[in-house]
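Undergrad: build the 3D model from these lines:
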Amino acid sequence: MADLSGGSEAVPVALWPPGEAPPAFQYSPDSVAGADGQIDPSEVTFPGCSCRSSSCVAPQCPCLRLGHSYSGLRLVLPEQQHHQPFSRPVFECNSLCSCGDSCQKRLVQRGLRLRLQVFRTERKGWGVRALEPVPRGSFVCEYAGEVLPPAEAHRRIQAQAPEQPNYIIALREHLHDGRVMETFVDPTRVGNVGRFLNHSCEPNLFMVPVRVDSMVPKLALFAAADISAGEELTFDYSGRFHNFPGASREQSQPVEEENSLRKPCYCGSRTCASFLPWDSSLFSTPASSP
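TA: Here you go, the predicted model:
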């Protein structure tokens, strides 16, 4: 069976149907620095812990004091899920820690462990489905690609033709002091299986920024519910979790102009918003570059 990752993942990424393949790109299990090299996601800037146990525990481990972590290799989710089922920061032990590779607080950094298949859908191009059951709270895959500064992300988006797919994710984290931290990941040229995940207004995955070696997060996708083998994997491109009826949506352009540029959504959910999420700020030139 063909392996889309070319052997770079611990588990092969299957393709369907046989004999077909998506347009060529460079497969990378992890995010990489963009061509300008301004942001290097592999740089280690966090200090390591000195824990000697086989698996670190809070509050003794300084890494885990920074935010939420895992229980039994799963993310613990609240019972009541609203627009965003999880918003607390997640930190893992890193390459400088003394606890070793067996520590259970190392999950996303271990990469893909589930059997996934990239397949051709009827109306949405390529998609991803699970080839085995996925329990709620399980790590599924990273959304990996080139990590870009804001100016380069805007330049690439504005250079795209309307008919071209946009893979760039803009993650915005609101800090306690009022600042907003932005991370831009573009898997168009370099990416992993995550680049083929389709949008849904009622997704079964959600994205969490997970930090391992530095403040540059890994965009990790976790199962929001128990997922059956053969089920398509989706997340909400807007960062919300469900487009509940009556949910307010910020609009920075007139609806007519916005809808003329937006692409239709074919997720088929009962709360479908009819269009894929739209971030108008990505299509305007930033006032200044950091």
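
Undergrad: what residues are up against G194?
TA: For G194, the contact set (Cβ atoms under 8 Å, 6 or more residues apart in numbering) comprises V128, C141, E142, Y143, A144, P187, L219, L221. Backbone N, C-alpha and C define where each C-beta goes, glycine included.

Undergrad: which of these count as buried?
TA: When neighbours are counted using 16 or more other Cβ atoms under 10 Å, these contain these buried positions: V128, C141, E142, Y143, A144, P187, L219, L221.

Undergrad: confirm R156 sits in a helix?
TA: Yes - counting by DSSP: H, G, I helix; E, B strand; the rest coil, R156 falls inside a helix.

Undergrad: so who does it touch?
TA: If you count contacts by Cβ under 8 Å, 6+ apart, then R156 has L148, I168, D186, T188 around it.

Undergrad: 7 Å instead, please
TA: R156 sits next to I168, D186 when contact means Cβ atoms under 7 Å, 6 or more residues apart in numbering.

Undergrad: do the same with S8
TA: Y27, P29.

Undergrad: where's it, which helix or strand?
TA: Using DSSP states H and E, S8 sits within no helix or strand.

Undergrad: roughly how far apart are D101 and V76?
TA: From D101 over to V76 the distance is 22 Å, taken as Cβ to Cβ, to the nearest Å.

Undergrad: still on that earlier bit, out of the contacts of G194, who's nearest E232?
TA: Within the contacts of G194, the smallest distance to E232 is 7.0 Å, found for V128 (Cβ to Cβ).

Undergrad: I'd say L64 and K105 touch.
TA: Yes - contact status for L64 versus K105: in contact at 6.3 Å, counting by Cβ atoms under 7 Å.

Undergrad: neighbour count: those two, which is higher?
TA: Each of L64 and K105 had its neighbours counted (other Cβ atoms under 10 Å), and the higher figure belongs to K105 (24 against 21).

Undergrad: in strands, which of the contacts of G194 appear?
TA: With strands identified by DSSP state E, the entries of the contacts of G194 that belong to them are V128, C141, E142, L219, L221.

Undergrad: I'd say the last one and P209 touch.
TA: No - here L221 lies out of contact with P209, judged by Cβ under 7 Å, at a distance of 11.1 Å.

Undergrad: between the ones in strands among the contacts of G194, which is nearest N204?
TA: Using Cβ to Cβ, those come closest to N204 at L221, 9.9 Å.

Undergrad: so how far is F196 from that closest one?
TA: 12 Å.

Undergrad: low-confidence stretches in the stretch 1-150 of the chain?
TA: 78-87 (pLDDT under 70).

Undergrad: the strands in it, which residues?
TA: Secondary structure of the stretch 1-150 of the chain, counting by DSSP state E, counting those that start in this stretch: strands at 14-16, 26-27, 32-33, 70-71, 74-75, 90-91, 116-120, 126-130, 139-142, 146-148.

Undergrad: compare those strands and give me the one nearest P41.
TA: Distances from P41 to each of these were compared using Cβ to Cβ; the minimum, 4.9 Å, belongs to strand 146-148.

Undergrad: relative to C99, how far out is S50?
TA: The value you get for S50 to C99, if Cβ to Cβ is used, is 9 Å.

Undergrad: of those two, which one has the most company?
TA: More neighbours surround C99 than the other of S50 and C99, with 22 against 11 (other Cβ under 10 Å).

Undergrad: hang on, the earlier thing: now for L64 and K105: what residues contact both?
TA: Shared contacts of L64 and K105, counting by Cβ under 7 Å, 6+ apart, come down to C56.
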